[in-house]
Structures are given as C-alpha cells and as structure tokens.
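*Asks:* A predicted structure for the sequence below; I have some questions about it.
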Amino acid sequence: MTHRIAIENSDIAFDCASGQSVLDAALQAGIELPYSCRKGVCGSCAGGIALGEVSGVNAGTFRNDTCSADQVLYCLCAPTSDLVLKPLSWKRLDPSARKKFSAKVYSNELVAPDISQLRLRLPAGQRAKFQAGQYLQVLLDDGSQRSYSMANPPQESDGVTLHIRHVPGGRFSAQVAQLTPGDTLQIELPFGHVALREENSRPIVFVAGGTGFAPVKSILDDMLKRRVKRPMTLIWGAREASGLYLRAAVERWQKQWPDFRFIGALSDVAAEAIGDAYAGRVDQALLAHCPDLSGHVVYCCGSPPMAAAVRSAAIDSGLAANDFHADVFVPGPAAVQP
C-alpha cells in the first residue's frame, strides 16, 4: 500500500510506500527536507504533520528530545494515511548534483595521534557540487557506506578533504592509516541539509567536538571566500590539546576577521596546565562564554551526547529552539572480526 504525501501551502505531492520513512520518500521524489544523520539522533528532520497519521518505522519511536510537542522525526516515521507535512523548510533537489566518483588519494597526513587528514582528488575534468557543511559517503566493497563531512569549501571542487578519526575496530577508519597516494576510493556526494541561511546576519556560534571541526571548517572557509561578515564564535573541544589539530586554520580566521572569537575547550587536562583554553567540556564552555544566546544561531557538530548537552546548554542560555542546528556524527558498525 502507498500513501500520498503533500507539503502544506505548495503544489508538491509524492507517494510513500508501506514502511518507508517520510524522509526517504521525499528524497526519492526529489524533495529535500532538512536532515543530517538519518538515524533519529540529531533532530534535524523534525517537522510537523498538518493532516494525517504516522507510526514509527519498524514500530519504533518517531520522536526524541529535540522535537516540540507537534513535531515528529521524518526519518523515523511512516504514514498510516495520506499526509500533509508542515516542514520547517524544503527544496527541490538538483538531480545532477549527487554523483559517484572514483577518487584517488592525493595525500594522507596524520594531524593528531588518532586523526588523519585525507585529501582526495577527482578524475581530471570532474567537479564535485556541494554546499559547505554537507557530507559524502565512502562506498565500501561489502556494500556498506561510511559518512564523512567535507572539510574543504565548495569552491575547491576538484577534490575533497576529510578528517577521519581512527576508531578501534572501525571497518573503514582502521584502514585509513594505510592509504597512500594513488589509492582509489569510491565516494558519493553530496548528502545532508545545510541550514545556514546566507541572508541571516545574526551572531553565530559554532560548537565542534573533535573531527566535528571538519564541517565547521568548510562553512567558515566558504564564508571567508564570500567575504561574509557577522559576529562569530567558535568553541572547539577535545580531550587534550593535540585534538585541536588545525590551529593554523583558526589563526587564519582570526587574522581575516579581527572580531572572530575562538575558545578551545579541553576536558581531560588539568586546569593549571591548560594555558589559554577552557578547562572543561564544550557545553560548559558555551555556558561560561556565551551566557546570553537570545538572538543568536548555534551550529553544533559532534557526537550525539555532546550535541544533546550543547543543545540543553544553549536553550538554558536563551537560544530559541529552532535556532539550534546539529550535525551529529553517528558511528558506523564495527568491523567483523574473523
């Protein structure tokens, strides 16, 4: 059985198969609703149902703490009747935008004890079309995928740069250290909904944990190239100082934007040995350095617990719930041991 799904106050309508999520049906029909992790963690796909009924995909839950009382997670709900959606935003997908490439390793640099900066080059004459903050999927031989945010701005379209943490037992990340120039990877991009609105000039706070710095770097480098000027703060957290692995990029932003504010937060270092960084987690640093977030926008990139803690701290500091945007890094399955 299929159900018809429409978007309120538009001429958009598409079919959704039985058991298929609303988000997947929309993407299949060429309509992009806000989304990031597609696993019910980040809350980016939360939206309203103006008419009709839904149930959880595979009888699971279809709400989390990021949803308001009248919202559901489009990635986790399936229609049980025809629907009229009330999303926060939507747009038509460019059918030519998402492509698969056979990319070659250009360089593989260890930028921290457990983080590789992997630069890939696309075949000659080919370009990747993406927006700052989006991610790609590495397509593995067993049919599975791993998602990584582009760390380079979209103006650098002949290749992509990835920041990959070496996860013990990781199916792909465990292989990254052995990749050498000339090795080939199959990738597909772009994925993810970018909520940064160009016309918005309100103060913005970026909060990144570990390699959550990658999409933030893409966004800030893009803003720099487009000469965007607005009040900006970056809070970047790690366990130790080595986890803040690209300070040169931060210094470049500080030079180009004299009012750009950077706060490093180190959670596992004694306060007396921490220098000019904040001793604690990023959510604690946010509360300490940004006590009044009314009228601000917050973009958070990192693990699910970190994003949840930052969201709670931001709202406690006066941020409107719909001005919090998260790119949540959900780990892929571990490699199967022989």
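*Replies:* Sure thing, it's come through. Numbering: from 1, shown residues only.

*Asks:* Show me where the stretch 51-200 of the chain has its strands.
*Replies:* Assigned strands in the stretch 51-200 of the chain, in chain order: 54-56, 71-73, 77-79, 83-86, 91-92, 99-112, 115-121, 135-139, 145-149, 159-165, 184-191 (criterion: DSSP state E, counting those that start in this stretch).

*Asks:* Of these, which stretch is the most buried?
*Replies:* Ranked by mean neighbour count, the strands of the stretch 51-200 of the chain are led by strand 77-79 with a mean of 25 (mean count of other Cβ atoms under 10 Å). In short, each C-beta sits where N, CA and C put it, glycine included.

*Asks:* In this protein, where is pLDDT below threshold?
*Replies:* Residues of the chain meeting the criterion pLDDT under 70: 95, 194-199, 270-275, 331-338.

*Asks:* Save the strands of the stretch 51-200 of the chain as TSV, and put in distance to residue 172 too.
*Replies:* Formatted as TSV, the strands of the stretch 51-200 of the chain follow (distance: least, Cβ to Cβ, whole Å):
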stretch	distance to residue 172
strand 54-56	30
strand 71-73	27
strand 77-79	30
strand 83-86	34
strand 91-92	30
strand 99-112	13
strand 115-121	11
strand 135-139	6
strand 145-149	5
strand 159-165	8
strand 184-191	9
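
*Asks:* Among those, which comes closest to residue 305?
*Replies:* Smallest distance to residue 305 across the strands of the stretch 51-200 of the chain (Cβ to Cβ): 15.6 Å, for strand 159-165.

*Asks:* Run through the neighbouring helices and strands of that closest one.
*Replies:* strand 99-112, strand 115-121, strand 145-149, helix 173-176, helix 213-225 (3 or more Cβ pairs under 8 Å, 6 or more residues apart in numbering; DSSP states H and E).

*Asks:* Would you mark the buried spots in the fourth one?
*Replies:* By that I understand helix 173-176. For helix 173-176, the neighbour count (16 or more other Cβ atoms under 10 Å) marks 173, 176 as buried.

*Asks:* Any chance you could list what contacts that helix?
*Replies:* With contacts defined as Cβ atoms under 8 Å, 6 or more residues apart in numbering, helix 173-176 is touched by 108, 116, 118, 146, 164, 165, 166, 167, 168, 335.

*Asks:* so residue 155 touches residue 222, yeah?
*Replies:* Yes - using Cβ atoms under 8 Å, residue 155 is in contact with residue 222, at 7.1 Å.

*Asks:* what about these two, which has more around it?
*Replies:* More crowded of residue 155 and residue 222, by other Cβ atoms under 10 Å: residue 222, with 20 against 10.

*Asks:* contacting residues for that one?
*Replies:* By Cβ under 8 Å, 6+ apart, the residues touching residue 222 are 132, 153, 154, 155.

*Asks:* And for residue 146?
*Replies:* By Cβ under 8 Å, 6+ apart, residue 146 lies in contact with 137, 138, 140, 171, 172, 173, 332.

*Asks:* Likewise for residue 166?
*Replies:* By Cβ under 8 Å, 6+ apart, residue 166 lies in contact with 114, 115, 116, 173, 174, 176, 177.

*Asks:* And for residue 21?
*Replies:* If you count contacts by Cβ under 8 Å, 6+ apart, residue 21 has them with 57, 74, 75, 76, 77, 78.

*Asks:* Spatially nearest residue to the last one (excluding sequence neighbours)?
*Replies:* Which is residue 78. Nearest residue to residue 78, sequence neighbours excluded (Cβ to Cβ, 6 or more residues apart in numbering): residue 57, at 5.1 Å.

*Asks:* how about the helices in this structure?
*Replies:* Ranges of helices within the chain are 22-28, 173-176, 213-225, 247-256, 282-289, 304-316, based on DSSP state H.

*Asks:* returning to that earlier point: closest to residue 258 among the contacts of residue 166?
*Replies:* residue 115 (29.1 Å).

*Asks:* measure the closest residue to residue 269 other than its chain neighbours to residue 122 for me?
*Replies:* Counting by Cβ to Cβ, 6+ apart, residue 240 is the residue found nearest to residue 269 once chain neighbours are left out, at 5.9 Å. Distance of residue 240 to residue 122, computed by Cβ to Cβ, to the nearest Å: 35 Å.

*Asks:* more neighbours, the two?
*Replies:* A direct count of neighbours by other Cβ under 10 Å for residue 240 and residue 122 places residue 122 higher, at 19 against 13.

*Asks:* ok, the more buried one to residue 172 distance?
*Replies:* 19 Å.

*Asks:* Ok, residue 51 next?
*Replies:* For residue 51, the distance to residue 172 (Cβ to Cβ) stands at 42 Å.
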